[in-house]
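Colleague: no letters, just coordinates:
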């Protein structure tokens with residue numbers, strides 16, 4: 001290894017666990033995501049920190065559970081339906097990396113607040129080229145509620161083209177710009193795809209339709225949106241290789257939550273979907289590659305979360321973390337070493353409005369293979385042993401009262417720890 005490595009962290013939006021071809025997803029081909037997995041390590045029990053977007057992104061940026069940094073739910077553009085405020089006191093990954101002189105760039109979707117103090121350029125990024133808001137109502141106009149949230153650094157921009165193509169283009173341009181620089185870079189490439197609206201380019205729809213004549217039109221369109229994104233990821237990998245930067249770059253791919261089933265996604269054999277605390281809502285595809293540092297073709301079932309990438313990257317680039325975080329470095333796991341993380345508590349939260357939630361929370365906790373979940377604040381607790389019941393089909397809450405009590409105490413303790421964190425902007 002020559003000098004400090006570059007980091008390319010790619011995050012998809014609502015990409016279901018079953019929707020990569022290396023997971024045998026139906027009607028879908030993702031050769032470039034597969035390329036990362038095949039040339040590195042694939043994590044089969046990797047989790048988002050929530051069943052929805054903003055909390056997971058807050059955890060990724062801070063290494064903490066999302067409610068500890070003020071983001072228990074989705075941050076939306078309308079304050080009356082917004083359930084988080086990214087704490088200005090939270091220390092972000094890019095701000096730490098700058099201690100080692102990293103050039104930090106966010107290309108794509110932010111979704112951690114519209115406030116001036118929460119603009120990416122105020123939270124550790126030297127460079128921001130992307131979408132400040134929550135979701136796009138159209139991949140070509142890039143508007144949300146008729147508002148333009150596209151930015152280059154602090155400036156409003158109005159680019160033309162499909163958002164996935166724009167983000168891929170900008171990522172390639174950034175990597176090219178760093179070609180002759182002695183400064184290492186951290187690129188956080190956050191796609192809006194395959195989040196709704198399911199709006200892939202017409203030629204990608206036709207490509208999948210011709211190849212997969214037995215697929216439903218809904219599945220064709222969803223697969224096309226994923227494959228279009230995968231093609232962009234391929235361009236990123238290719239420019240790293242072309243500019244001789246791939247050998248000194250750690251590339252990580254994952255998603256912010258599970259797939260949305262009613263628009264054509266699949267989460268494989270897992271139960272549930274985006275917005276739920278079942279495995280299909282929170283377990284996500286994940287893989288990482290780094291030539292000569294991570295052995296190719298490895299698969300691990302070590303349970304890990306988005307928040308663990310914060311300390312992992314800090315360990316890789318030799319940055320000391322001088323404050324408390326809940327995330328644990330999984331660098332040994334990525335290197336193929338055994339880590340003893342089975343006894344730590346994993347915790348998920350989502351605060352939400354509307355009739356299904358009324359401002360209350362859904363939760364889950366996992367210790368080892370035992371998982372307690374509260375999928376709705378108005379439904380009973382459910383308890384599962386994932387070692388024997390990975391599809392969560394046999395609720396053992398009644399037959400294992402002592403285990404239920406133990407896990408309930410863990411849930412209460414984790415929930416209590418978030419009580420001092422403000423989650424609304426003042």
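Modeller: Happy to help now that I have it. Computed from a predicted structure; not experimentally measured. Numbering: from 1, shown residues only.

Colleague: neighbours of the closest residue in space to residue 425 that isn't next to it in sequence, just the number please.
Modeller: Sequence neighbours aside, residue 85 is the residue nearest to residue 425 in space, at 4.5 Å (criterion: CB to CB, 6 or more residues apart in numbering). Glycine gets a C-beta too; all of them are placed from N, C-alpha and C. Using other CB atoms under 10 Å, residue 85 has 23 neighbouring residues.

Colleague: what about stretch 57-70, average pLDDT?
Modeller: Model confidence over stretch 57-70, given as mean pLDDT, is 98.

Colleague: hmm, residue 190 is touching residue 108, no?
Modeller: Yes - with contact defined as CB atoms under 8 Å, residue 190 and residue 108 form a contacting pair (3.7 Å).

Colleague: which stretch of helix or strand covers the residue nearest to residue 425?
Modeller: Residue 85 is located outside every helix and strand, with elements delineated by DSSP states H and E.

Colleague: please report how far it lies from residue 33.
Modeller: Residue 85 sits 33 Å away from residue 33 when distances are taken as CB to CB, to the nearest Å.

Colleague: next: residue 269.
Modeller: The spacing between residue 269 and residue 33, counted by CB to CB, is 19 Å.

Colleague: tell me who's in contact with the most centrally placed residue in the chain.
Modeller: The C-alpha lying nearest the average C-alpha coordinate of the chain belongs to residue 256 (CA atoms, centre = their mean; 2.8 Å). With contacts taken as CB atoms under 8 Å, 6 or more residues apart in numbering, residue 256 has the following neighbours: 11, 12, 13, 14, 48, 52, 53, 56, 57, 60, 284, 306.

Colleague: would you list every one of the helices in the stretch 101-250 of the chain?
Modeller: Listed in chain order, the helices of the stretch 101-250 of the chain (DSSP state H, counting those that start in this stretch) span 163-177, 202-211, 217-242.

Colleague: check the stretch 301-426 of the chain too.
Modeller: According to DSSP H, counting those that start in this stretch, the helices that the stretch 301-426 of the chain contains are 309-316, 331-334, 401-416.

Colleague: so how far is the longest one off the chain centroid?
Modeller: Its chain's average C-alpha position is 27 Å from that of helix 401-416, according to CA atoms, centre = their mean, to the nearest Å.

Colleague: what's the burial count for residue 117?
Modeller: Applying other CB under 10 Å, we find 12 residues neighbouring residue 117.

Colleague: in which helix or strand would I find the residue nearest to it when sequence neighbours are not counted?
Modeller: In space, not counting the residues next to it along the chain, residue 117 is nearest to residue 88; the distance is 5.1 Å by CB to CB, 6+ apart. With the criterion set as DSSP H and E, no secondary-structure element contains residue 88; it sits in neither a helix nor a strand.

Colleague: I figured residue 88 hits residue 113, correct?
Modeller: No - counting by CB under 8 Å, residue 88 does not reach residue 113; the two are 9.7 Å apart.

Colleague: of those two, who's got more company?
Modeller: residue 113 (26 against 15).

Colleague: the more buried one: what's it in contact with?
Modeller: 75, 84, 85, 86, 425.

Colleague: per-residue pLDDT of the last one, please?
Modeller: We have a pLDDT of 84 for residue 425.

Colleague: any low-confidence regions in this structure?
Modeller: In the prediction, the chain carries residues with pLDDT under 70 at positions 1-2.

Colleague: what do you get if the cut-off is 50, keeping everything else the same?
Modeller: 1 (pLDDT under 50).

Colleague: contacts for stretch 32-47?
Modeller: Where contact means CB under 8 Å, 6+ apart, the residues beyond stretch 32-47 that reach it are 20-22, 230-231, 233-234, 237, 251, 253-254, 282-291, 294-306, 333-334, 336, 346, 348.

Colleague: span of that stretch from start to end?
Modeller: Across its full length, stretch 32-47 reaches 21 Å end to end, with CA to CA, to the nearest Å as the criterion.

Colleague: what of stretch 297-306?
Modeller: First-to-last residue span, stretch 297-306, CA to CA: 21 Å.

Colleague: same check on stretch 114-123?
Modeller: By CA to CA, one end of stretch 114-123 lies 12 Å from the other end.

Colleague: before we move on, what about stretch 318-336?
Modeller: 19 Å.

Colleague: roughly how far out does it sit from the chain middle?
Modeller: Averaged C-alpha coordinates place stretch 318-336 at 17 Å from its chain's average position (CA atoms, centre = their mean).

Colleague: just stretch 130-140 next, same as before
Modeller: 17 Å.

Colleague: how about the strands in the stretch 1-150 of the chain?
Modeller: 6-12, 41-43, 46-47, 103-109, 127-131, 143-144, 147-148, 150-152 (DSSP state E, counting those that start in this stretch).

Colleague: now distance to residue 328 too, for the ones you listed, in a markdown table please.
Modeller: Output for the strands of the stretch 1-150 of the chain, formatted as a markdown table (distance: least, CB to CB, whole Å):
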| stretch | distance to residue 328 |
| --- | --- |
| strand 6-12 | 17 |
| strand 41-43 | 14 |
| strand 46-47 | 13 |
| strand 103-109 | 23 |
| strand 127-131 | 29 |
| strand 143-144 | 35 |
| strand 147-148 | 39 |
| strand 150-152 | 33 |
